[in-house]
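Asker: Need coordinates for the below:
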Amino acid sequence: MRASIAAIETIREAQYEAWDLLTGRAWPGLGGRPEYLDIAGVNHYSDNQWYHGGATIPLGDPAYRSFQSILAEVYQRYRRPLLIAETGAEGEARAPWLRYIAEQAFAAMRRGMPIEGICLYPIQDYPGWFDERHCPTGIVGMPDSQGRRILHSSLQTELRTQQAMLTRLLEDSSASHFLS
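Answerer: Okay, here's the model as predicted:
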């Protein structure tokens, strides 16, 4: 049986429960206050959007919600600086995913949202949590038999590109009013 749109929205809204309690938006009798939330850390991965009880919604699908709009929702709700606290992708999707996240963050900044930073996670490859498989996610690869680690060149290049773009954005914004 398909869940109603209202039921699905209730499930989606549950992601805000801890912050709503902390800020007093929910159950104010518990003592939450807006000033208890100084920054909102947002995690976002390529598989963070899915149909209720179904498949992941891929980037590019008409049903996919842009990360910029997600950031805008969090910012409108709490009016706090935002930190992209975790983001990353596996394999050859690493560099394109970073590009997408940075483009969305920069667009949000141009719209006046204070983005404090982007944290790639994890920064190095790791063995899978459940199956010990090699998870190629980071800039730094798994150690070889001599303990050497290879750098993932396309992610490293993309990171440098996005850092340069951020520098230009911040320099351009010094003459603008959109970043405070």
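Asker: which one's the longest helix in this structure?
Answerer: helix 153-173 (DSSP state H).
Asker: Okay, strands next: where are they in the chain?
Answerer: 40-43, 82-87, 115-120, 126-127, 134-135, 140-143, 149-151 (DSSP state E).
Asker: show me the contacts for the closest residue to Gly31 other than its chain neighbours.
Answerer: Once flanking residues are discounted, Gly31 sits nearest to Gly24: 7.5 Å by Cβ to Cβ, 6 or more residues apart in numbering. In short, each C-beta sits where N, CA and C put it, glycine included. Neighbour list for Gly24: 30-34, 36 [criterion: Cβ atoms under 8 Å, 6 or more residues apart in numbering].
Asker: follow-up on the earlier one: what residues of the longest helix of the chain count as buried?
Answerer: 155, 158-159, 162, 166, 169 (16 or more other Cβ atoms under 10 Å).
Asker: Nearest to Gln15 among those?
Answerer: Among the buried residues of helix 153-173, Gln162 lies closest to Gln15 (Cβ to Cβ), at 26.2 Å.
Asker: what's the pLDDT at that closest one?
Answerer: On the pLDDT scale, Gln162 is placed at 97.
Asker: which residues touch the closest residue to it other than its chain neighbours?
Answerer: Using Cβ to Cβ, 6+ apart and skipping the chain neighbours, the partner closest in space to Gln162 is Ala102 (4.1 Å). Shown in contact with Ala102 (Cβ under 8 Å, 6+ apart): 118, 162, 165-166.
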